[in-house]
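1. coords below, sequence missing:
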């Protein structure tokens, strides 16, 4: 039985949403097409009706994940959430930069461009919420804040969940990032 165009669009959205979470949890190489499709109740063969390659799915899923991280001009609230145990422990729903940044460095230009766009969006949002004498100064501060926040999450996640160091990293960075 053929799938209607409307159902095919819904299936595509489900695949992209699921891949967005699974890529953040396991990395790009940590989930195969067959397992991903089975997880959303679709066949492996159906994947290629929706995407020409896994790489194309990676681009869409990463774009979705990065679009979910926003700064609403309240840089302090963003940092308080970002550098937290809640965010650290929510890998699949958390920031794709912290979850996939290391993987992205080894990917093709198209993935890196998606990351560049997402990083730029966060830097712009952060800099608009910072007080500074000049826009250039606010941007430099936003770049530094984001880099330290991402680094704090990456380092904390690299430690065992119950390690005191995991929390110390978050607490120390949050303190130094206080706006």
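-> Noted; the coordinates are in hand. Here the structure is a predicted model, which means the values were calculated and not measured.
2. same for the helix or strand of the chain with the lowest mean pLDDT, what does it pack against?
-> Least confident helix or strand, the chain: helix 44-50 with a mean of 86, by mean pLDDT, DSSP states H and E. Helix 44-50 sits against helix 5-26, helix 33-39, with contacts defined as 3 or more Cβ pairs under 8 Å, 6 or more residues apart in numbering; DSSP states H and E. Placement of C-beta: from N, CA and C, glycine included.
3. Give the buried residues for the shortest one.
-> Within helix 33-39, the residues that qualify as buried are 33, 36-37, counting by 16 or more other Cβ atoms under 10 Å.
4. for stretch 60-72, same thing?
-> Quick answer for stretch 60-72 (16+ other Cβ under 10 Å): 60-66, 69, 71.
5. In JSON lines: the residues you listed, plus distance to residue 129.
-> Output for the buried residues of stretch 60-72, formatted as JSON lines (distance: Cβ to Cβ, whole Å):
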{"residue": "60", "distance to residue 129": "29"}
{"residue": "61", "distance to residue 129": "28"}
{"residue": "62", "distance to residue 129": "24"}
{"residue": "63", "distance to residue 129": "23"}
{"residue": "64", "distance to residue 129": "24"}
{"residue": "65", "distance to residue 129": "22"}
{"residue": "66", "distance to residue 129": "18"}
{"residue": "69", "distance to residue 129": "14"}
{"residue": "71", "distance to residue 129": "6"}
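6. any idea which of the residues you listed is closest to residue 98?
-> Ranking these by separation from residue 98, with Cβ to Cβ as the measure, puts residue 69 on top at 9.6 Å.
7. coming back round to it: out of the helices and strands packed on helix 44-50, the one nearest residue 102 is which?
-> For the helices and strands packed on helix 44-50, the distance to residue 102 is smallest for helix 5-26, at 12.1 Å, taking Cβ to Cβ.
8. And the helices in the chain?
-> 5-26, 33-39, 44-50, 54-67, 75-82, 85-89, 96-104, 109-128, 135-158, 164-177 (DSSP state H).
9. and the angle for the first one with helix 96-104?
-> Here helix 5-26 runs at an angle of 80 degrees relative to helix 96-104 (axes from the mean of the first three to the mean of the last three Cα atoms, to 10 degrees).
10. and helix 5-26, what does it pack onto?
-> Looks like helix 5-26 contacts helix 33-39, helix 44-50, helix 54-67, helix 96-104 (3+ Cβ pairs under 8 Å, 6+ apart).
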